[in-house]
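Trainee: what's the 3D shape of this:
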Amino acid sequence: MKKILLTMLSTVLFLGLAACSNLNKQGSNNVQNSNEQGEKVHKNDDVREIVWKQLSSEQKDWIDGDWKDGVVSKITLNENMMSGLDDKSYEGKEVYLIDFPTKSKSIPNNMIVYADVNTFDYIGNGLVD
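Mentor: Numbering: from 1, shown residues only. Below is the predicted model of the structure:
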């Protein structure tokens, strides 16, 4: 009886471990995936790097350092933040805010960049105090 119980318990544990290892392999994908609407979605990629590649050379020259120096946060865009943006469809939606330090010696010495949360597409620059 003990042997049967141990065998069943071992089998259940083995299947559980096998299922968990498959989930980890599927979740560690660094490739662009598609969601239901066909939009590109990035898994495990750094939003700073992807947005950095979309910036103009003048913007990159203005930043002190590179994409690794940006600080990412999520915010909800409101009307006051949108004056520098042409695309008003993001008003009231959650977006990434990436704060890059600039080479400017005066204050403010940073550049704010907004990016779409799902596609990491560059939306525009934000206002700086």
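Trainee: Relative to Gly70, how far out is the closest residue to Asn109 other than its chain neighbours?
Mentor: For Asn109, ignoring the flanking residues on the chain, the nearest one in space by C-beta to C-beta, 6 or more residues apart in numbering is Thr102 at 5.2 Å. To be clear about C-beta, it is placed using only N, CA and C from the backbone, and glycine gets the same treatment. Look at Thr102 and Gly70: by C-beta to C-beta, to the nearest Å, they are 11 Å apart.
Trainee: Same drill for those two, tell me which one is more crowded.
Mentor: The neighbour comparison of Thr102 against Gly70 (other C-beta atoms under 10 Å) goes to Gly70, with 23 against 17.
Trainee: Check the more buried one and give its pLDDT.
Mentor: pLDDT for Gly70: 93.
Trainee: Then the one 4 residues further on?
Mentor: In this prediction, Lys74 carries a pLDDT score of 95.
Trainee: Cool, thanks, talk later.
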